[in-house]
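S.K.: I need the structure of the sequence given here:
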Amino acid sequence: MPSPAQVEVNDLRLEVHQVKVDASGSLVAIVRCLAEPVPVRSRIYRIGATGGAVDLELTAIHRYERSVDELDTAHSACVTLNGIGVDLVAAGQVLHALAANI
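M.R.: Have a look, this model is predicted:
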C-alpha cells in the first residue's frame, strides 16, 4: 500500500468501461485515463475513492490494436491487469494506480 505522500503526488486514475477475465485469469478492460499518463507496469492499489485495496499490475496497453508503453490523459485503451483483486474490478469503477518507477 502506498504512503499518503506517494498518493498525493502520483495518483493515476483509470475509469473502467468494460471488463472481461480471459482464460489465463488476466483481466482485460477498456479504460479511460482520467489524470496523468499511466505507463505499463503501473500498480493498481485501490478501487474507487473509498473502495477496497487490490494489488494489480498493468501489464499491457493496446490502442488501435497497437501495443503502447503509456496511456495519455483523456485517452481510452484496452489494458491487461494481473494480480490480486481482478475479480473485484467492474465497469463504472475508477482504479487508482502508482507509476512503475516509484
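S.K.: And the helices in this structure?
M.R.: Ranges of helices in the chain, per DSSP state H, are 4-10.
S.K.: what about it, any weak spots by pLDDT?
M.R.: By pLDDT under 70, the low-scoring segments of the chain are 1-10, 101-102.
S.K.: State the distance from residue 52 to residue 76.
M.R.: 24 Å (CB to CB, to the nearest Å). (Glycine included, C-beta is placed from N, CA and C.)
S.K.: do the same with residue 45
M.R.: Look at residue 45 and residue 76: by CB to CB, they are 22 Å apart.
S.K.: who's more crowded, these two?
M.R.: Set side by side, residue 45 and residue 76 show more neighbours around residue 45, with 19 against 14, by other CB atoms under 10 Å.
S.K.: Tell me, how many residues neighbour residue 85?
M.R.: Residue 85 has 19 neighbours, counted by other CB under 10 Å.
S.K.: Please apply the same query to residue 79.
M.R.: Neighbours of residue 79 using other CB under 10 Å come to 25.
S.K.: these two touch, right, it and residue 31?
M.R.: Yes: with contact defined as CB atoms under 8 Å, residue 79 reaches residue 31; the gap is 5.4 Å.
S.K.: which residues do these two both contact?
M.R.: With contacts defined as CB atoms under 8 Å, 6 or more residues apart in numbering, the residues shared by residue 79 and residue 31 are 14, 71.
S.K.: Going along the chain, name the strands of the chain.
M.R.: For the chain, the strands defined by DSSP state E cover 12-21, 27-35, 38-39, 43-47, 53-63, 66-68, 70-71, 76-84, 94-98.
S.K.: how much space between residue 75 and residue 52?
M.R.: According to CB to CB, residue 75 stands 27 Å off from residue 52.
S.K.: Perfect, that will be all.
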